[in-house]
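Asks: just the structure for this:
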Amino acid sequence: MIIVNKGSLVYDGSVAALRSKLGDERRVVIEFAQDPGSIEILGLTLIKEEGSRKTFLFTRNGTTVFDYVSRIAEKYPIEDVSIEDVDIESIIRRLYKQLAAEDEESQGRQPILVGGAN
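Replies: Numbering: from 1, shown residues only. You can find the predicted model right below:
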């Protein structure tokens with residue numbers, strides 16, 4: 001995969017390598033036995049709610065997804081769990097957002113020239 005930003009090559013490598021570099025997020029879809037209502041778990045972000053089916057975004061940060069699911073299962077009966085990689089389009093979008101932020105930051109650091117030449 002080759003990714004170009006503003007005419008410059010920013011990535012040249014495999015999709016798997018890009019995923020491992022930027023794809024530290026996973027989707028965790030939990031099907032509960034019955035709708036538990038709103039659930040807030042530190043470390044998981046609820047991104048979709050469909051009654052008894054909830055989709056969370058999980059970022060690998062030392063705690064495993066299984067730890068989170070175990071904590072949820074202690075409080076609510078779970079029927080099914082699936083773990084999905086975030087789609088490659090989302091990863092590429094994240095890369096472009098990072099590049100835009102870096103570009104803004106570097107432009108903000110440029111000196112402002114005031115006055116004329118000496």
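Asks: CA atoms for contacts and neighbours, from now on please.
Replies: Fine.
Asks: could you pull out the strands for this protein?
Replies: Applying DSSP state E to the chain gives strands spanning 2-5, 8-12, 25-32, 44-50, 53-59, 78-85.
Asks: spit out the contact partners of residue 59.
Replies: 24-26, 43-44 (CA atoms under 8 Å, 6 or more residues apart in numbering).
Asks: now the buried members of those.
Replies: 25-26, 44 (16 or more other CA atoms under 10 Å).
Asks: please name the bridge partners of residue 81.
Replies: residue 30 (DSSP bridges).
Asks: pLDDT weak spots in the protein?
Replies: Filtered on pLDDT under 70, the chain yields the residue ranges 23, 108-118.
Asks: middle-most residue in it, spatially?
Replies: Nearest to the mean C-alpha position of the chain, counting by CA atoms, centre = their mean, stands residue 25 at 4.5 Å.
Asks: from residue 43, how far off is the closest residue in space to that residue that isn't next to it in sequence?
Replies: Distances taken as CA to CA, 6 or more residues apart in numbering put residue 59 closest to residue 25, at 4.4 Å, once the chain neighbours are dropped. As for residue 59, its distance to residue 43 is 7 Å (criterion: CA to CA, to the nearest Å).
Asks: got it, and residue 103?
Replies: Residue 103 is 29 Å from residue 43, by CA to CA.
Asks: same thing with residue 74?
Replies: 17 Å.
Asks: check residue 30 too.
Replies: For residue 30, the distance to residue 43 - CA to CA - is 15 Å.
Asks: export stretch 69-88 to CSV, keeping only CA atoms.
Replies: C-alpha atoms of stretch 69-88 as CSV (Å, rounded to 0.1, in the frame of the first residue of the first chain):
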residue,chain,number,x,y,z
VAL,A,69,-15.6,-8.6,28.9
SER,A,70,-15.1,-10.5,32.2
ARG,A,71,-15.9,-7.4,34.2
ILE,A,72,-19.0,-6.8,32.2
ALA,A,73,-20.1,-10.5,32.4
GLU,A,74,-19.9,-10.3,36.2
LYS,A,75,-22.7,-7.7,36.1
TYR,A,76,-24.7,-8.7,33.0
PRO,A,77,-25.5,-12.0,31.3
ILE,A,78,-23.7,-12.2,28.0
GLU,A,79,-24.9,-14.4,25.1
ASP,A,80,-22.1,-13.6,22.5
VAL,A,81,-19.0,-11.6,22.0
SER,A,82,-17.1,-10.8,18.8
ILE,A,83,-13.9,-8.8,18.4
GLU,A,84,-13.3,-7.0,15.1
ASP,A,85,-10.4,-5.1,13.8
VAL,A,86,-11.1,-1.5,12.8
ASP,A,87,-11.5,-1.2,9.1
ILE,A,88,-8.5,0.0,7.0
